[in-house]
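Novice: what follows is a predicted structure for the sequence shown.
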There are 2 protein chains.
Amino acid sequence: MSLVKKGCVLWFTGLSGAGKSTLSSRVAERLRAAGCAVELLDGDEVRTHLCKGLGFSKEDRDTNVRRIGFVARLLARNGVIAITAAISPYRAIRDEQRELAERDGAGFCEVFMECPVEVLAERDVKGLYKKALAGEIDNFTGVSDPYEPPQHPDVAVRSDREPIEAGLDRVIACLVEREYLAPELLAALGGANPDAAGAD
Amino acid sequence: MSLVKKGCVLWFTGLSGAGKSTLSSRVAERLRAAGCAVELLDGDEVRTHLCKGLGFSKEDRDTNVRRIGFVARLLARNGVIAITAAISPYRAIRDEQRELAERDGAGFCEVFMECPVEVLAERDVKGLYKKALAGEIDNFTGVSDPYEPPQHPDVAVRSDREPIEAGLDRVIACLVEREYLAPELLAALGGANPDAAGAD
């Protein structure tokens, strides 16, 4: 019997560098190791195949996020844990994606990767945040372009304050609590704390 | 137990008006009625979400076909019968899609909807074929833009010569013969001829 009780869209949101790719790939890896059907819609293949030709205007960003959401939804309604890791700056579009997924009978879980811009600027080896803060880059999300944080994320992770393992356990506990994943998964994983599944 | 033994991409190709949408939606309907996980990547939702902004240049057409193939592959490798119904005029791109699907451990089945241009022109209520034949439309596939028919399609349907039910049965028999679908499906469907599964 599959440990996935109900396919869902696991939607990461947050600024560039906040840890979306890192945490989402750790979640994917862990669930895959436990035998769950997982797809991670991040990385070069997705950018090449889904997002080519789109720019940084509000309209293009919305199209991009909706396109990723559409594909995630198709997977989720077929029993897959579909993980997205786009910045997805606009609250209304994320909320719309939740509604569409749920209308399709799939689950939805929003993970907010939170990190202050000052910390991101310090960490950023390419120096893009510093350039954006100096007014040299237009449409840089969180600096010269809007980012609307979730008001009620299903999971919030302060990537500058807590170890990645804590976020990982919390995301998986949330998927179990929502009954997207079977509770047996926690035992199968070993690493996660089974008690966390009951916490709200 | 699911009747889908192995997810696959069921790839329809053929000229506009040749019956791709009609037959593919009949196949989807029949498989869904038998309880199979099916997604049909055709229609307005796909055009809006996946293909928006793409034109009719060779490059844009290739991007479009590859994008649909990418999504179909994601579904197929998760146990879904993913049906595509784009014109997909270029043989090399279709062959590439087969290779990519198989590399992902999914099946692939190419269905060629064949119909002579003269018949399509007669049938065409919008008169687009006649305009294209008169030299009034550029980039019209099969008239003023290339269409490369499959050399070895898995199923070929002459939509001007045979009833749609014949094509439908043949497509399903092919999916069973390739062991993408369990043979029990034929009994479940009733309509299809079980003997057809053994034919080559």
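Specialist: In hand now; what should we look at? Numbers count the residues shown, from 1 in each chain, chains lettered A, B, ... in the order given.
Novice: every contact and neighbour count from this point should use C-alpha atoms.
Specialist: OK.
Novice: low-confidence bits of chain A, can you list those?
Specialist: Applying pLDDT under 70 to chain A picks out residues A:1, A:190-200.
Novice: tell me where chain A has strands.
Specialist: Counting by DSSP state E, one finds strands in chain A at the ranges A:8-13, A:38-41, A:81-84, A:107-114, A:155-158.
Novice: dump these to TSV, plus distance to chain B and mean neighbour count.
Specialist: Below are those laid out as TSV (distance: least, C-alpha to the nearest C-alpha, whole Å; neighbours: other C-alpha atoms under 10 Å in any protein chain shown):
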stretch	distance to chain B	mean neighbour count
strand A:8-13	14	28
strand A:38-41	8	22
strand A:81-84	10	28
strand A:107-114	17	24
strand A:155-158	26	19
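Novice: possible to save those as CSV with distance to residue B:161?
Specialist: As requested, the strands of chain A are exported to CSV (distance: least, C-alpha to C-alpha, whole Å):
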stretch, distance to residue B:161
strand A:8-13, 44
strand A:38-41, 42
strand A:81-84, 43
strand A:107-114, 46
strand A:155-158, 58
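Novice: any idea how far stretch A:114-125 is from the chain center?
Specialist: Relative to its parent chain, stretch A:114-125 has a centroid offset of 18 Å by C-alpha atoms, centre = their mean, to the nearest Å.
Novice: now stretch A:159-173
Specialist: Worked out by C-alpha atoms, centre = their mean, stretch A:159-173 lies 13 Å from the chain centre.
Novice: residues in chain A within reach of chain B, list them.
Specialist: A:37, A:39, A:49-50, A:63, A:66-67, A:70-71, A:74-75, A:78, A:80 (C-alpha under 8 Å from any C-alpha of the partner chain).
Novice: what comes up buried for stretch A:140-154?
Specialist: When burial is assessed from 16 or more other C-alpha atoms under 10 Å in any protein chain shown, stretch A:140-154 yields the following buried residues: A:140-144, A:147, A:149-150, A:153-154.
Novice: widest-spaced pair of those residues?
Specialist: A:144 and A:154 (27.1 Å; C-alpha to C-alpha).
Novice: residue B:20: which of the residues of chain A next to chain B is nearest?
Specialist: Among those, residue A:74 lies closest to residue B:20 (C-alpha to C-alpha), at 21.1 Å.
Novice: that closest one: how many residues sit nearby?
Specialist: If you count neighbours by other C-alpha atoms under 10 Å in any protein chain shown, residue A:74 ends up with 24.
Novice: for it, list the residues it contacts.
Specialist: B:39, B:75 (C-alpha atoms under 8 Å, 6 or more residues apart in numbering or on different chains).
Novice: swap in residue A:167?
Specialist: Residue A:167 makes contact with A:23, A:157, according to C-alpha under 8 Å, 6+ apart.
Novice: not counting sequence-adjacent ones, nearest residue to residue A:17?
Specialist: The shortest distance from residue A:17 to any non-neighbouring residue, by C-alpha to C-alpha, 6 or more residues apart in numbering or on different chains, is to residue A:120 (6.3 Å).
Novice: my read: the one you found touches residue A:14, true?
Specialist: No: Residue A:120 lies out of contact with residue A:14 (C-alpha atoms under 8 Å); the separation is 11.3 Å.
Novice: looking at these two, which is more packed in?
Specialist: Counted by other C-alpha under 10 Å, residue A:120 and residue A:14 do not tie: residue A:14 has more neighbours, with 25 against 20.
Novice: that one and chain B: what is the separation?
Specialist: Distance of residue A:14 to chain B, given as C-alpha to the nearest C-alpha, to the nearest Å: 23 Å.
Novice: residue A:170 too?
Specialist: Note on residue A:170: its distance to chain B, by C-alpha to the nearest C-alpha, is 26 Å.
Novice: equivalent analysis for residue A:138, please.
Specialist: For residue A:138 relative to chain B (C-alpha to the nearest C-alpha), the value is 23 Å.
Novice: pretty sure that residue contacts residue A:145?
Specialist: Yes: when contacts are counted by C-alpha under 8 Å, residue A:138 is listed as touching residue A:145 (7.3 Å).
Novice: burial measure for residue A:80, as a count.
Specialist: Counted with other C-alpha under 10 Å, residues neighbouring residue A:80 total 26.
Novice: what's the neighbour count on the closest residue to it other than its chain neighbours?
Specialist: Spatial nearest neighbour of residue A:80, chain neighbours left out: residue A:7 (4.6 Å); criterion: C-alpha to C-alpha, 6+ apart. Residue A:7 is flanked by 27 other residues according to other C-alpha under 10 Å.
Novice: also residue A:127?
Specialist: Neighbourhood size, residue A:127 [other C-alpha under 10 Å]: 12.
Novice: quick one: contacts for residue A:168?
Specialist: Counted by C-alpha under 8 Å, 6+ apart, residue A:168 has contacts A:23, A:26-27.
Novice: longest helix in chain A, please.
Specialist: helix A:58-76 (DSSP state H).
Novice: enumerate the positions of that helix that are buried.
Specialist: Buried residues in helix A:58-76, defined by neighbour count with 16+ other C-alpha under 10 Å: A:61-76.
Novice: which residues are in contact with the closest residue to residue A:50 other than its chain neighbours?
Specialist: Nearest non-adjacent residue to residue A:50, counting by C-alpha to C-alpha, 6+ apart: residue B:67, 6.1 Å away. Residues in contact with residue B:67 (C-alpha under 8 Å, 6+ apart) are A:49-50, B:50.
Novice: from the residues you listed, pick the one nearest residue B:97.
Specialist: Set against residue B:97, the nearest of those by C-alpha to C-alpha is residue A:49 (12.6 Å).
Novice: what about the closest one, how many neighbours?
Specialist: Neighbourhood size, residue A:49 [other C-alpha under 10 Å]: 19.
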